[in-house]
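**Q** have a look at this prediction, sequence included:
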Amino acid sequence: MAPSPIWRTLPADITEHILSILVSAHFHTDPAYTWTSLRHLSAHQKRVIEHRFARFWLPRLGITLYAGVRHKIEYALDQTAPTFDGIHVNGGDTAVFAVQRQVHNPLLSVSQDSKPGRLAARYLRRAWEQYDPAAHRNITVRLGEGFLSGGCRGGYILNDTDLPGLEVLADNKIRFCWKGAVDELLWEEMYMRRVGEAMFIEACNEWCTKNPHDAAAEGEEPRLPPRRIQLKIWRCRVQAARRVAAFKHRVARSNATARPIQLKFGATSQRLHKQEPDPEALEAVKKWECCSSCSRWQTPDIFEVLEVEESVVPRLGVFQTWLRQRFQDDGKEGQDSHRVGLDTIVGLYSDEFAWRAWLVNTSGQGHEDGLDDVQLYMYQQRHRRLDTGLDAVLLGTEKVRWEQAP
């Protein structure tokens, strides 16, 4: 974003005050836009935003390390690390993260908040030894979980971007350049936004052309399909496709580096994004049915993780309207005929979960138009208790809370 020439005619202090107001309007709700665009408005704003990011968003950055499907270790900012200007970072650009929680045998949801024992430490060291930004990314980076999108399910930023300058310390802690990690995470998030919105608009125009008489219902967005169709488009056509495009873009950029990234998709996630799989056949998990003694050693890739964790409901305009009304007019629900009710949002989450169950079990094949209302209801009831196997075996059920009211 290049500043307008009008700023040059104003005194510097007034200009910076106006820019600060603009930054404050987006800082707590859109860290990706703040970091990738607003941070470049001026040298002063860059320093201020980086300092505020370290204080506010860095403690809300989480990292999950996967050791196969049977062990995962979650890291958070180490609050006991030496401080730099009041911030728990080492030298300003690097941060130290410590183990926050361990989950062993996710099918049984065996969770520990204590430090890794001798056996867990061995799995942890082996998993970090296998980590390779170019060939094997067995981590997931999350920003704003429980905070972004009003804290609603799946509304945070999620990716498998790199941790530049990663060092594994002797006490099972890790140290890396947090600015580089945030930069890669948020620039790729903005790329996926642009690509996803273009895909969504194209699919909506295609649907409206085929259904010219099915206008949006009263209270819904004009010149767009009904909300449930928008949900279906995001869930079945855009969600995985935009991440595939971002992954290919990441590979293309890496071709100019010393270690190009391998364009490689896991065989398990083939069903989720319809790409060419790994040559290895994974019969044990082909149908998402295996027990706690599953011999699968491959870690879940980002497509499997997003299938369980990421929600597309916060991408819909009706959700943003509901969120805005929730914070601006708290306690006035029902007084305005155009107000979006909580039941609308919960209904969209319920529909999304049915679509997810259908995609996982059928790969979206055999039904060109997807599910009708009866089939959608059947999937909602059949998979209401999250016993599909995919959730439990790969990630555990602690991050899947779709049936709870946002």
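**A** Arrived safely, thanks for sending.

**Q** please make it C-alpha for all contacts and neighbour counts, starting now.
**A** OK.

**Q** doesn't residue 76 lie inside a helix?
**A** No - with DSSP: H, G, I helix; E, B strand; the rest coil as the criterion, residue 76 is assigned strand and is not in a helix.

**Q** and it, what is it in contact with?
**A** Residue 76 makes contact with 59-63, 97-100, according to C-alpha atoms under 8 Å, 6 or more residues apart in numbering.

**Q** just the residues you listed now: which is nearest residue 261?
**A** The closest of the contacts of residue 76 to residue 261 turns out to be residue 63 (C-alpha to C-alpha; 20.7 Å).

**Q** please report phi then psi for that closest one.
**A** Dihedral angles of residue 63 (phi, psi; degrees, to the nearest 10) stand at phi -130, psi 130.

**Q** neighbours around it, how many?
**A** Neighbour count for residue 63, taken as other C-alpha atoms under 10 Å: 23.

**Q** OK, contacts around it?
**A** 74-76, 139-142.

**Q** could these go into a markdown table alongside pLDDT and distance to residue 125?
**A** Converted to a markdown table, the contacts of residue 63 look like this (pLDDT from 0 to 100; distance: C-alpha to C-alpha, whole Å):
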| residue | pLDDT | distance to residue 125 |
| --- | --- | --- |
| 74 | 91 | 14 |
| 75 | 94 | 14 |
| 76 | 93 | 17 |
| 139 | 93 | 13 |
| 140 | 93 | 17 |
| 141 | 96 | 19 |
| 142 | 95 | 21 |
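
**Q** which of these tops the neighbour count?
**A** Of the contacts of residue 63, with other C-alpha under 10 Å as the count, residue 139 tops at 28 neighbours.

**Q** near the closest residue to residue 250 other than its chain neighbours, how many other residues are there?
**A** Distances taken as C-alpha to C-alpha, 6 or more residues apart in numbering put residue 261 closest to residue 250, at 7.8 Å, once the chain neighbours are dropped. Residues near residue 261, counting by other C-alpha under 10 Å, number 20.

**Q** for the protein, longest strand please?
**A** strand 94-104 (DSSP state E).

**Q** could you count how many residues lie near residue 149?
**A** Neighbours of residue 149 using other C-alpha under 10 Å come to 21.

**Q** picking up where we left off before, between the contacts of residue 76, which is nearest residue 180?
**A** Using C-alpha to C-alpha, residue 61 comes nearest to residue 180 of the contacts of residue 76, at 13.1 Å.

**Q** low-confidence regions, the chain specifically.
**A** 1-8, 82-91, 105-115, 214-222, 263-297, 329-337, 358-406 (pLDDT under 70).

**Q** tell me where it has helices.
**A** Ranges of helices in the chain, per DSSP state H, are 12-27, 31-36, 43-56, 118-130, 178-210, 227-233, 239-254, 270-273, 302-309, 317-328, 342-362, 373-382, 390.

**Q** what's the angle from the first one to helix 43-56?
**A** To tie it back to what came earlier, the one meant is helix 12-27. Taking axes from the mean of the first three to the mean of the last three C-alpha atoms, to 10 degrees, one finds helix 12-27 and helix 43-56 inclined to each other by 40 degrees.

**Q** coming back round to it: so which bits of the longest strand of the chain are buried?
**A** 94-104 (16 or more other C-alpha atoms under 10 Å).

**Q** these: which two are farthest apart?
**A** Farthest apart among the buried residues of strand 94-104 by C-alpha to C-alpha are 94 and 104. That separation is 29.2 Å.

**Q** coming back round to it: list just the nearest of the buried residues of strand 94-104 to residue 308.
**A** Distances from residue 308 to those, taken by C-alpha to C-alpha, are shortest for residue 103, at 16.2 Å.

**Q** so how far is residue 301 from residue 161?
**A** 12 Å (C-alpha to C-alpha, to the nearest Å).

**Q** repeat for residue 135
**A** The gap separating residue 135 from residue 301 is 12 Å, by C-alpha to C-alpha.

**Q** more neighbours: which of these two?
**A** Between residue 135 and residue 301, counted using other C-alpha under 10 Å, the more crowded position is residue 301 (22 against 14).

**Q** isn't that one up against residue 138?
**A** Yes - applying C-alpha atoms under 8 Å, one finds residue 301 in contact with residue 138, separated by 7.2 Å.

**Q** good, wrapping up.
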